[in-house]
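pasting a predicted model and its sequence here:
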Amino acid sequence: MTSKPTFRPAALADAATLTVLMDIAGEGVPNRLWLEMAGPGNSALEVGRERARREEGGFSYRHTTVAEIGDEIAACLIGYVLDDPYDLSDLDDMPEPFQPLIRLEAQAPGTWYVNVMATFAEYRGQSLGKQLLDVAAERTREVGASASSIIVGSWNAGAGRLYERCGYQPIARDTAILPESYPQSGDWILMVRPLP
């Protein structure tokens, strides 16, 4: 029998685990970008870990809730309120793969944005995704936002169905820019869940 998960704010010491979960959520794209940032002879995972250890930014332990089963982190949720108004003035300076995502974020200003939601493989199928989306709804209420938002790849039909079951509806899409070596292709889809 599986233990019931507990949820807690992430700690600085969780940064390495959050890095792996971020890469899982991003289907390997974060690792590839971190490798470019690291340069020859350096570890991509160390770059990711340093980013997770930051006090601010979209990928920071400070914006993270972890789900634990027993004494292990099983999943995480990273989210925060999107700027309103949303500033797109530095869009062209961003790495090209992020540009469609940022354009979509700009269409949901002021929402509580689910940036990352990921579960380790051995803990999937235990409704952790739904429970983390319930945490996202709580955070949305706590900050006084009227809705939460999330972006999903059109190729990730299972995640899209989960989000719809939890009240998220698609409102916009943009072509995904993925490395040529990746098997998936399609669009990023912005989904929004208004608070009841």
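Done, it's in. Please read these numbers as outputs of a predicted model, since none were measured by experiment. Residues are numbered from 1 along each chain as shown.

contacts, neighbours, all on C-alpha from now
OK.

and the strands in the chain?
Assigned by DSSP state E, the chain shows strands spanning 6-9, 64-69, 72-81, 112-119, 147-153, 169-175, 187-194.

need the ones you listed in JSON lines with mean pLDDT, can you?
Formatted as JSON lines, the strands of the chain follow (pLDDT from 0 to 100):
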{"stretch": "strand 6-9", "mean pLDDT": "97"}
{"stretch": "strand 64-69", "mean pLDDT": "97"}
{"stretch": "strand 72-81", "mean pLDDT": "97"}
{"stretch": "strand 112-119", "mean pLDDT": "96"}
{"stretch": "strand 147-153", "mean pLDDT": "97"}
{"stretch": "strand 169-175", "mean pLDDT": "98"}
{"stretch": "strand 187-194", "mean pLDDT": "97"}
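
could I get the ones you listed as a markdown table with mean neighbour count and distance to residue 57?
Below are those laid out as a markdown table (neighbours: other C-alpha atoms under 10 Å; distance: least, C-alpha to C-alpha, whole Å):
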| stretch | mean neighbour count | distance to residue 57 |
| --- | --- | --- |
| strand 6-9 | 14 | 16 |
| strand 64-69 | 22 | 11 |
| strand 72-81 | 23 | 10 |
| strand 112-119 | 23 | 11 |
| strand 147-153 | 24 | 17 |
| strand 169-175 | 17 | 23 |
| strand 187-194 | 21 | 20 |
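
any chance of these in CSV, plus distance to residue 101?
CSV is the format used below for the strands of the chain (distance: least, C-alpha to C-alpha, whole Å):
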stretch, distance to residue 101
strand 6-9, 26
strand 64-69, 20
strand 72-81, 15
strand 112-119, 10
strand 147-153, 8
strand 169-175, 8
strand 187-194, 7
